[in-house]
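Student: What shape does this take:
(chains A, B, C, D, E and F)
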Protein chains: 4
Amino acid sequence: MPSARGARAVRPRRRAEEIIDAAAAVFAERGYHGASTQDVADRLGMRQASLYYYFPSKEAALEQVCLRSVGDFVERAQAIAAGPDRAADKLAAIVESHLAPVETRGDYVRCFLRERRFLPRDSARRIGRVARQYEGILQGVIEAGIAAGELRRDLDPRLTTLALIGMCNAAMEWYGREPNTPLGRIANKFAALVVDGVRATRGASPPSGNRAKGSDGRAGSRPRRRVGG
Amino acid sequence: MPSARGARAVRPRRRAEEIIDAAAAVFAERGYHGASTQDVADRLGMRQASLYYYFPSKEAALEQVCLRSVGDFVERAQAIAAGPDRAADKLAAIVESHLAPVETRGDYVRCFLRERRFLPRDSARRIGRVARQYEGILQGVIEAGIAAGELRRDLDPRLTTLALIGMCNAAMEWYGREPNTPLGRIANKFAALVVDGVRATRGASPPSGNRAKGSDGRAGSRPRRRVGG
Amino acid sequence: MPSARGARAVRPRRRAEEIIDAAAAVFAERGYHGASTQDVADRLGMRQASLYYYFPSKEAALEQVCLRSVGDFVERAQAIAAGPDRAADKLAAIVESHLAPVETRGDYVRCFLRERRFLPRDSARRIGRVARQYEGILQGVIEAGIAAGELRRDLDPRLTTLALIGMCNAAMEWYGREPNTPLGRIANKFAALVVDGVRATRGASPPSGNRAKGSDGRAGSRPRRRVGG
Amino acid sequence: MPSARGARAVRPRRRAEEIIDAAAAVFAERGYHGASTQDVADRLGMRQASLYYYFPSKEAALEQVCLRSVGDFVERAQAIAAGPDRAADKLAAIVESHLAPVETRGDYVRCFLRERRFLPRDSARRIGRVARQYEGILQGVIEAGIAAGELRRDLDPRLTTLALIGMCNAAMEWYGREPNTPLGRIANKFAALVVDGVRATRGASPPSGNRAKGSDGRAGSRPRRRVGG
DNA sequence: GATGAATGAGCTTTCATTCAT
DNA sequence: GATGAATGAAAGCTCATTCAT
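Tutor: Have a look, this model is predicted:
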């Protein structure tokens, strides 16, 4: 049943959320240290002092941005990892899931990637834990895949994990600047690359080329197809 | 600024170079906007005002850092691209070459990756051109590989290029924090991943796993072996 | 900067006005470049940083000073020029009017005279226009006087204008340092000098010697007597 | 007989003089506090530090500029005052003499007028003395003229002196910016203005209008004619 | 005679933050 | 709930000056 929290509580939350949005946008654009609280206020048509009604400090705002940026990455990855798919498909699904927020919450994710290191020790650690958790899930998928014989035996699970994540994170930077490159296509191609590499198939048929056929240009959707045949 | 005529100008250059080194280190650690010129001076045991004998502005120092960080990336990639190797091997070699500076010039490269966006329009554009050139070389290798039938036909050359570079660049961030991960191993595994993907080989044998055997921990060297058989 | 909507904005304006006063005083005393914003703040018992709540820059403060210094010079001169007096009397009145602010707004006027050249191109031009307008009014009076046969036919209107203004402006520098020289007397004597020169009258009676008799020591008042008989 | 000072002594003097020239120019253009020693060095193609071989401080340079700017004003005025001319003619001659340096040494004079107040107490006083001496000479001429019945009895010698000097000094500011206004004409018209005023002559003929007939456009020359008839 | 290197002091300006209202 | 006013701290930068060479 939908909770009926007092309408009064809705408003301030609302405004605070707007401020975090603005902070994310501004921090993403100019960097945490390059952005001033005035910039944030400007974006909201607010006076700069008013921000301090909602946040005790600039740092606190960054922390909120980073916390929200983490979002449900872990949950979604966990769900995928726990699923019945084969390892390669899971990885592809994680790539897709990882890339999805770039469109809707790009500012947040960019802040996470580039500005979280400016957080105070404490919150940095807290957020770092989440990041490591996320990596752990991927790594688990890879290790399981190797054990099951589904993935190449010579993979280094840790390095592969980092490579995968790095590849995706990089996309956060250039997505939007690359023309004609819908998110779905990126996810698709990235997945194909990771799963099967660049080398032309030796003897065997082209496997994942037809993966997610027709999904080019629209991907973020839930019903993912198995990768490859 | 010191005039640089004749060999006599070697000494002052020395100092300027030291300052750029310090700036790179400080900017890499705290971010351009998070670092103060005082920080740079401190690192050199210099007075802050003295920096301005060598550089007209903090921005100019960043520009120098970024210019130097670009280094010979393009030249090395060009050399590899122009070589006789097969496309997959070229890509592996480029990965190796791309990662090499992380150890010796990590600060520079990190500045380039994270701080170059704070450069004034003009120098940003100049440096952007070099970056695009570099991407072009990679992309050329991939396109040629596809045309030659050496690389999978369904690759998107642009996206593959960006994925590759992104993957490598990400390593710049965590290299050194990951224990027991010598550069050579990273290069090796990254190359293997890109070339052959994660999927267990279908029928055929794992080819590039033994690439650069023994080169683990030492990679940046010139005499690269062919990847795979 | 404080928004200035409605009557509510009166108070803050107050403070800004005080700052401009202080700036005028300090700039007049030490010169624009010789004065620091700290000096201005000191004079107000304010912290230096607080000035920037009211003004975006030191230059902007100078601009305000210069704008205010221009004051109603033009209007007053225009009123006199438009009056029914004879040309010589008009000039005398303008001299008087020109000198009047030296006592009440000497700092402003001195800033205008000596520091306006340090204004940025734009405001310098705007203010220069007002100055030229003022000169134009004087010159107009002289030209009309010549045409009416009231003034010597061999006058150079332009040079006479500049001489007159220069003479008055110079008084801004030494007024207050010359003992026993009330403003009224200065105005009176300057007017007499300009109108009739230094030469003893040839045959004719001393004309303007008794001008404004008794007005010595108090002049700035409106009801000016005709000069001469 | 021409003295034969060692040629060696000529050089350094030479350079020092050049530096003072440059300082005068730069101080005149930007104001003493607005000009940097670097500006002076730039104008000479010298390194900034080299200035200190010739001058112990920036202030000392200003002092030199001001000292030289005073030049032979006093001597020339004294010579005129001591001459046999009538008072009105002497004043006219002094005006001419006063204006003469504007062309050849305008930078010096402008420095004197505007920047001497930034001199340290001591040199300010020394230079102030010279200025007062100069004023005294003029005032003496006026007083003598009055006593001799050549000048109007109602003149205030002090104010008349200051008016005269102020008028001339003002010309230093605009001379060069006023088109088509040769120095001779300025001197001529200023003298005429002061001597006879602006008022059209009453009955008597215009006397000094034809003063220095034909001298318009060339005046600064030595052989001065008597003013007026 | 001149300069490269360096620096102490001070500059204008920015900024996160506070607080009475 | 929001803001006007103010400020401490620090930033980047300039500059007159020094000094060994």
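
Student: Can you find the helix or strand in chain A with the smallest mean pLDDT?
Tutor: Sorted by mean pLDDT, DSSP states H and E, the helices and strands of chain A end with helix A:7-30, the least confident at a mean of 82.

Student: How is chain A divided into domains?
Tutor: Using automatic domain parsing, the domains assigned to chain A come out as A:7-64, A:68-210.

Student: anything in the shortest one near chain C?
Tutor: To tie it back to what came earlier, the one meant is domain A:7-64. No. Domain A:7-64 does not reach chain C (C-beta under 8 Å from any C-beta of the partner chain); its nearest approach is 10.0 Å. (C-beta placed from N, C-alpha, C; glycine too.)

Student: hmm, that domain in reach of chain B?
Tutor: Yes. Using C-beta under 8 Å from any C-beta, domain A:7-64 reaches chain B at A:Arg30, A:Gly31, A:Tyr32, A:His33, A:Gly34.

Student: what about the closest residue to A:Ile20 other than its chain neighbours, distance to A:Ala28?
Tutor: Counting by C-beta to C-beta, 6 or more residues apart in numbering or on different chains, A:Ile20 lies nearest to A:Gln64, which is 5.0 Å off, once chain neighbours are set aside. Note on A:Gln64: its distance to A:Ala28, by C-beta to C-beta, to the nearest Å, is 14 Å.

Student: These two: which has the busier surroundings?
Tutor: Just comparing A:Gln64 and A:Ala28: by other C-beta atoms under 10 Å in any protein chain shown the higher neighbour count belongs to A:Ala28, 23 against 20.

Student: Hmm, that one is touching A:Arg105, no?
Tutor: No. With contacts counted by C-beta atoms under 8 Å, A:Ala28 stays clear of A:Arg105, the gap being 10.2 Å.

Student: Give me the phi and psi for the residue lying closest to A:Asp196 once chain neighbours are set aside.
Tutor: With C-beta to C-beta, 6+ apart as the criterion, A:Asp196 has its nearest non-adjacent residue at 4.0 Å, and that residue is B:Gly197. When read as degrees, to the nearest 10, the backbone of B:Gly197 gives phi 80, psi -180.

Student: Next, count neighbours for B:Gly197.
Tutor: For B:Gly197, using other C-beta under 10 Å, the count is 26.

Student: Could I get the contacting residues of it?
Tutor: Each residue near B:Gly197 by C-beta atoms under 8 Å, 6 or more residues apart in numbering or on different chains is listed here: A:Arg152, A:Leu193, A:Val194, A:Val195, A:Asp196, A:Gly197.

Student: And the helices in chain A?
Tutor: A:7-30, A:37-44, A:51-54, A:58-70, A:73-82, A:87-99, A:101-115, A:121-147, A:157-174, A:183-196 (DSSP state H).

Student: Let's have the ones you listed in CSV, adding distance to D:Lys58.
Tutor: Below are the helices of chain A laid out as CSV (distance: least, C-beta to C-beta, whole Å):
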stretch, distance to D:Lys58
helix A:7-30, 40
helix A:37-44, 39
helix A:51-54, 46
helix A:58-70, 43
helix A:73-82, 63
helix A:87-99, 63
helix A:101-115, 46
helix A:121-147, 50
helix A:157-174, 51
helix A:183-196, 63
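
Student: Could you tell me the least trusted of the ones you listed?
Tutor: Ranked by mean pLDDT, those bottom out at helix A:7-30, which scores a mean of 82.

Student: show me the contacts for the residue of chain A found nearest chain C.
Tutor: Nearest to chain C, among the residues of chain A, is A:Arg47, at 10.0 Å (C-beta to the nearest C-beta). If a contact means C-beta under 8 Å, 6+ apart, then A:Arg47 has A:Ala41 as its contacts.

Student: Likewise for A:Val109?
Tutor: A:Ser69, A:Pro101, A:Val102, A:Met172.

Student: Give the burial count for the third one, as a bare number.
Tutor: Residues near A:Val102, counting by other C-beta under 10 Å, number 22.

Student: could you measure it against DNA strand F, distance?
Tutor: 31 Å (C-beta to the nearest atom of the strand, to the nearest Å).

Student: pretty sure A:Ala93 contacts A:Asp85?
Tutor: Yes. A:Ala93 lies in contact with A:Asp85 (C-beta under 8 Å); the separation is 6.7 Å.

Student: which of those two has more neighbours?
Tutor: Under the criterion of other C-beta under 10 Å, the comparison of A:Ala93 against A:Asp85 puts A:Ala93 first, with 24 against 17.

Student: Return the distance of that one relative to chain D.
Tutor: Distance, A:Ala93 to chain D, by C-beta to the nearest C-beta, to the nearest Å: 64 Å.

Student: Skipping adjacent residues, who's closest to that residue in space?
Tutor: Excluding its sequence neighbours, the residue lying closest to A:Ala93 (C-beta to C-beta, 6+ apart) is A:Ile80, at 4.7 Å.

Student: can you pull the contacts of the one you found?
Tutor: A:Lys90, A:Ala93, A:Ile94, A:Ser97, A:Val141.

Student: chain center to the least confident helix or strand of chain A: distance?
Tutor: Here helix A:7-30 is found 20 Å from its chain centre; the criterion is C-alpha atoms, centre = their mean, to the nearest Å.

Student: on that earlier part again, in contact with the residue nearest to A:Ile20: list those residues for me.
Tutor: Counting by C-beta under 8 Å, 6+ apart, A:Gln64 touches A:Ile20, A:Ala23, A:Phe55.

Student: and stretch A:14-27, is it in reach of DNA strand E?
Tutor: No. Counting by C-beta under 7 Å from any atom of the strand, DNA strand E has no neighbours in stretch A:14-27; the shortest distance is 9.8 Å.

Student: buried stuff in that stretch?
Tutor: For stretch A:14-27, burial by neighbour count (16 or more other C-beta atoms under 10 Å in any protein chain shown) applies to A:Ala16, A:Ile19, A:Ile20, A:Asp21, A:Ala22, A:Ala23, A:Ala24, A:Ala25, A:Val26, A:Phe27.

Student: Check stretch A:85-105 too.
Tutor: In stretch A:85-105, counting by 16+ other C-beta under 10 Å, buried: A:85-102, A:105.

Student: just stretch A:70-89 next, same as before
Tutor: Within stretch A:70-89, the residues that count as buried by 16+ other C-beta under 10 Å are A:Val70, A:Gly71, A:Phe73, A:Arg76, A:Ala77, A:Ile80, A:Ala81, A:Asp85, A:Arg86, A:Ala87, A:Ala88, A:Asp89.

Student: ok, for the residue positioned nearest the centre of chain A, nearest residue in space, not its chain neighbours?
Tutor: For chain A, the residue nearest the mean C-alpha position is A:His98 (4.4 Å; C-alpha atoms, centre = their mean). Closest residue to A:His98 apart from its sequence neighbours, by C-beta to C-beta, 6+ apart: A:Cys168 at 4.6 Å.
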